[in-house]
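Asker: The following block contains a protein sequence and its predicted model.
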Amino acid sequence: MNKTDISHRLIGLAAVGALGIAGLAGCGEKSSDDSGDDKGDKKEQAAEEGEDYSEEATELVEGYYNEAFETVNNSLLRYDSEAAAATAEPYLCQADVDKITSQFEGMPDSEREKALESVPELGDYELEVHILDAYAYAGAGNVETHILYNDPVKDGKRADRTYDVGVLEQEDGSWKICGMFS
């Protein structure tokens, strides 16, 4: 294996790690020392600005995790960005879909095949989704989401994460998750 082979393999594995599981899990993981003091202020300000779309935002985020999360993750772990993007498209802003689509651009097929040899066993994620809080007013919002799942990248160990998932209203009035792959 030459330097180029090693480089492409490392790039591919790093990309899957960076944008795969972590990116798909959510936006803005909360740290244990997040106090959330200004969250109430933002929510109150947003409420004053317009109609409440929290239910739509919550349904979107739950739908993404329940309907697309596992397929998108598995597709990225198999270096199939097109399948991942197609599955995620109904839920994500176009910029995020484009980021997924270009995930492995320029990676030679031979390197992709070699990298596939190290893909972990993809078992049942046994995903649990819990919405902790949500607000969506005046075209933007946030859905605080707690997820638990078996992480194939970590030998099936149970992942326990809380994320703030950003949502934006689109021109056609639909809501999309935005910034998940930024």
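Answerer: That came through, no problem.
Asker: Spatially, which residue comes closest to E169, not counting chain neighbours?
Answerer: With C-beta to C-beta, 6 or more residues apart in numbering as the criterion, E169 has its nearest non-adjacent residue at 4.2 Å, and that residue is G139. (C-beta placed from N, C-alpha, C; glycine too.)
Asker: was I right about the one you found contacting V167?
Answerer: No - if you go by C-beta atoms under 8 Å, G139 and V167 don't touch, sitting 9.5 Å apart.
Asker: Give me the more crowded residue out of the two.
Answerer: V167 (27 against 14; other C-beta atoms under 10 Å).
Asker: Quick one: residues contacting the more buried one.
Answerer: V167 makes contacts with 57, 60-61, 136, 140-143, 175-178, as judged by C-beta atoms under 8 Å, 6 or more residues apart in numbering.
Asker: Please enumerate the strands of the protein.
Answerer: When assigned using DSSP state E, the strands of the chain occupy the ranges 128-137, 140-151, 157-169, 175-177.
Asker: could these go into TSV alongside distance to T71 and mean pLDDT?
Answerer: Formatted as TSV, those follow (distance: least, C-beta to C-beta, whole Å; pLDDT from 0 to 100):
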stretch	distance to T71	mean pLDDT
strand 128-137	15	95
strand 140-151	13	96
strand 157-169	17	95
strand 175-177	15	96
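Asker: Same list (those) but as TSV, adding distance to Y65.
Answerer: Output for the strands of the chain, formatted as TSV (distance: least, C-beta to C-beta, whole Å):
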stretch	distance to Y65
strand 128-137	4
strand 140-151	6
strand 157-169	9
strand 175-177	10
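Asker: out of these, which comes closest to L77?
Answerer: Closest to L77 of the strands of the chain is strand 140-151 (C-beta to C-beta; 10.7 Å).
Asker: Could you name the helices and strands sitting against the closest one?
Answerer: helix 37-49, helix 54-63, helix 69-77, strand 128-137, strand 157-169 (3 or more C-beta pairs under 8 Å, 6 or more residues apart in numbering; DSSP states H and E).
Asker: Below-threshold pLDDT in the chain: ranges please.
Answerer: Within the chain, the stretches with pLDDT under 70 are 1-50.
Asker: now do 50
Answerer: The chain contains residues with pLDDT under 50 at 1-35.
Asker: So for stretch 120-131, what gets flagged as buried?
Answerer: By 16 or more other C-beta atoms under 10 Å, the buried positions in stretch 120-131 come out as 125, 129, 131.
Asker: returning to that earlier point: now the helices and strands packed on strand 140-151 in TSV, with distance to D98?
Answerer: Shown next, in TSV, are the helices and strands packed on strand 140-151 (distance: least, C-beta to C-beta, whole Å):
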stretch	distance to D98
helix 37-49	28
helix 54-63	19
helix 69-77	14
strand 128-137	23
strand 157-169	15
